[in-house]
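Peer 1: generate a structure from the sequence data that follows.
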Amino acid sequence: GSMESQSKRALIATLLCVVVLVGWSRLMDWLYPPPSAVTATAPALNQPVSEPNNAAVAAKSETAESAEAVKPVPDAHKPSDITGLSVKHEATGEPIVLGDDRQDDSKKQFTNPYEMAVTLSQRGGGVEAIRLSRHRNNVPKDKRNPDHDPYDLLRPVANPKMGESEISFLTRQVLFVDDKHVVKLDDVNWSLQKSTDVKGESAVATSVVQRAGKEVFKLTKTYRLDKGSHELGVTLEAWNLTDKHRKIVITQGGPVGMKNEDPQRETRRIITAVSDEKGMIVDGPLLMRDEAYKAEGGTKDLLPEEGRRFWWAAVGNKYFACIISGQPLPGEKQPSYLGKVSARTFLDDPNSSDDLTFDEAICPHASIAPGGKLTFALDAFCGPKSDDLFDRLPHAKERAYHIIANADRSGCTFHVLQVAMLWLLTRLHRLV
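Peer 2: Numbers count the residues shown, from 1 in each chain. Predicted coordinates for the structure are as follows:
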């Protein structure tokens with residue numbers, strides 16, 4: 001009677017679950033074959049470092065100037081040499097770190113007020129590394145006495161072509177649009193100064209362009225990390241020190257060195273968000289590493305559809321993300337200065353994906369008046385892709401940071417499998 005019916009249902013349900021799980025596994029192996037062994041990997045650095053994230057920009061329309069600025073410029077120093085421009089090279093100083101990457105220690109009565117540590121670099125005013133204090137790379141062998149192992153969100157990646165490591169948030173170059181002069185900024189040392197107050201820590205990176213020993217242009221990047229914050233503030237200020245109006249386009253590098261957290265398949269990708277015609281923030285173009293690698297020069301441009309503008313761009317893996325968002329200028333509802341996003345790879349190995357990054361074009365519509373400046377404020381979220389965390393962040397809801405997880409919830413995810421299996425079992429229960 002009823003016992004026989006229940007046993008029959010349980011047996012059929014069990015068999016159905018096995019069929020679905022096996023089929024799911026085979027489907028995933030077919031859609032996402034495991035990566036082949038990598039023959040050459042970038043050497044690990046002995047001392048991890050943390051970097052500020054500065055980038056994220058969107059414009060009302062794509063311009064030839066922004067396109068020229070984002071693409072790599074071969075021998076970009078030559079135009080500046082021809083026109084007599086040079087970039088002041090600062091002496092190398094001690095590394096600067098904002099925040100703290102130590103985990104809380106109740107035995108020592110230590111509570112870390114910072115969510116991360118950001119190691120800054122003088123080179124290009126960039127970021128060496130960002131390490132998260134509340135997360136680890138590996139499960140501790142001794143949970144009672146865990147070793148120091150803050151999660152490496154962003155890391156340097158050795159680039160044999162450069163002879164040095166690629167790091168995050170390099171300010172690559174500035175294009176003087178009317179003069180058609182390009183000045184390269186990512187291969188020189190900027191000055192770097194740190195300050196601390198009761199709320200957090202800041203650092204100001206400065207690069208100066210000269211002609212015949214006279215300053216003609218200055219760019220400053222101010223990094224700000226507050227206690228308890230998952231966002232790194234990055235403020236760019238471009239100063240025109242000449243007697244003429246100057247229109248510029250700045251090429252700003254993005255995050256690099258994010259690890260893959262899924263041993264079965266590649267989960268890292270570049271994700272963007274755009275505002276549509278109604279002002280709603282929706283999914284923008286996204287791309288996996290192999291798509292950029294196969295593109296000409298290892299670079300693939302991401303452009304919003306007509307009538308849409310970029311709000312933010314990010315690199316994310318299975319659990320974590322670095323989201324670079326622009327703040328609207330005064331009087332704007334959304335940032336108008338964000339140009340195209342160019343996904344980049346720089347390693348020749350098709351199976352290596354630690355080199356996935358992007359450049360963004362900061363394309364202000366206004367020129368800089370003589371003696372004046374333009375300011376662009378950016379926010380870099382660095383942390384887990386957590387809806388609970390996004391609900392607590394001031395800007396996350398209005399900028400729709402939850403979009404970062406949409407790609408993980410596509411038609412071939414465990415979430416969809418769970419829903420489908422529940423539906424099948426419910427139907428089966430009604431029939432048997």
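Peer 1: is residue 222 bridged to anything, and to what?
Peer 2: Beta bridges link residue 222 to residue 204, residue 235, judged by DSSP bridges.
Peer 1: mind pulling up the pLDDT for it?
Peer 2: As predicted, residue 222 sits at a pLDDT of 98.
Peer 1: ok, now how distant is it from residue 362?
Peer 2: Here residue 222 is placed at a distance of 15 Å from residue 362 (Cβ to Cβ, to the nearest Å). Where C-beta positions appear, they are placed from N, C-alpha and C, glycine not excepted.
Peer 1: just residue 227 next, same as before
Peer 2: Going from residue 227 to residue 362 by Cβ to Cβ gives 29 Å.
Peer 1: neighbour-wise, which of the two wins?
Peer 2: Shown here are residue 227 and residue 362; by other Cβ atoms under 10 Å, residue 362 has more neighbours (30 against 14).
Peer 1: pretty sure that one is touching residue 337, no?
Peer 2: Yes - here residue 362 reaches residue 337: they are 5.6 Å apart, a contact under Cβ atoms under 8 Å.
Peer 1: just name the shakiest helix or strand of the protein by mean pLDDT.
Peer 2: strand 58-59 (a mean of 34; mean pLDDT, DSSP states H and E).
Peer 1: which residues does residue 359 bridge with?
Peer 2: Applying DSSP bridges, one finds that residue 359 bridges with residue 253, residue 342.
Peer 1: make that residue 159, sorry
Peer 2: Under the criterion DSSP bridges, residue 159 forms beta bridges with residue 164.
Peer 1: that one - how many residues pack around it?
Peer 2: By the measure other Cβ under 10 Å, the count of residues near residue 159 is 16.
Peer 1: now it: how far from residue 186?
Peer 2: With Cβ to Cβ as the criterion, residue 159 and residue 186 are 12 Å apart.
Peer 1: got it, and residue 223?
Peer 2: For residue 223, the distance to residue 186 equals 17 Å [Cβ to Cβ].
Peer 1: more neighbours: which of these two?
Peer 2: More crowded of residue 223 and residue 186, by other Cβ under 10 Å: residue 223, with 27 against 20.
Peer 1: surely the more buried one and residue 234 touch.
Peer 2: Yes - between residue 223 and residue 234 there is a contact under Cβ under 8 Å: 5.9 Å.
Peer 1: average pLDDT across stretch 202-212?
Peer 2: On average, stretch 202-212 scores 95.
Peer 1: cool, and stretch 92-112?
Peer 2: The pLDDT scores in stretch 92-112 average 91.
Peer 1: could you list the low-pLDDT ranges of the protein?
Peer 2: Applying pLDDT under 70 to the chain flags residues 1-10, 20-22, 24-83, 352, 408-432.
Peer 1: where do the helices sit along it?
Peer 2: With helices called from DSSP state H, the chain shows them at 2-31, 64-70, 77-82, 289-294, 387-392, 414-431.
Peer 1: quick one: terminal-to-terminal distance for stretch 377-396?
Peer 2: Length of stretch 377-396, first residue to last, Cα to Cα, to the nearest Å: 16 Å.
Peer 1: please work out which residues outside that stretch touch it.
Peer 2: Stretch 377-396 is contacted by residues 52-56, 115-116, 130, 132, 135, 153-154, 169, 230-236, 314, 316, 319-327, 397, 401-402, 404-405, 408 when judged by Cβ atoms under 8 Å, 6 or more residues apart in numbering.
Peer 1: what subset of the residues you listed is buried?
Peer 2: Buried by 16 or more other Cβ atoms under 10 Å: 52-56, 115-116, 130, 132, 135, 153-154, 169, 230-236, 314, 316, 319-327, 401-402, 404-405, 408, out of these.
Peer 1: dump stretch 123-138 to CSV, restricted to CA.
Peer 2: Output of stretch 123-138 as CSV, limited to C-alpha atoms (Å, rounded to 0.1, in the frame of the first residue of the first chain):
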residue,chain,number,x,y,z
ARG,A,123,55.6,53.4,-11.1
GLY,A,124,52.7,54.9,-12.9
GLY,A,125,51.1,55.8,-9.6
GLY,A,126,49.8,52.3,-9.6
VAL,A,127,49.0,49.5,-7.1
GLU,A,128,51.2,46.6,-6.4
ALA,A,129,48.6,44.5,-4.6
ILE,A,130,45.4,44.5,-2.6
ARG,A,131,45.0,41.9,0.2
LEU,A,132,41.8,41.3,2.2
SER,A,133,42.2,41.0,6.0
ARG,A,134,38.9,39.1,6.6
HIS,A,135,39.6,36.4,4.0
ARG,A,136,42.3,33.8,3.5
ASN,A,137,44.0,32.1,0.5
ASN,A,138,44.0,28.7,2.3
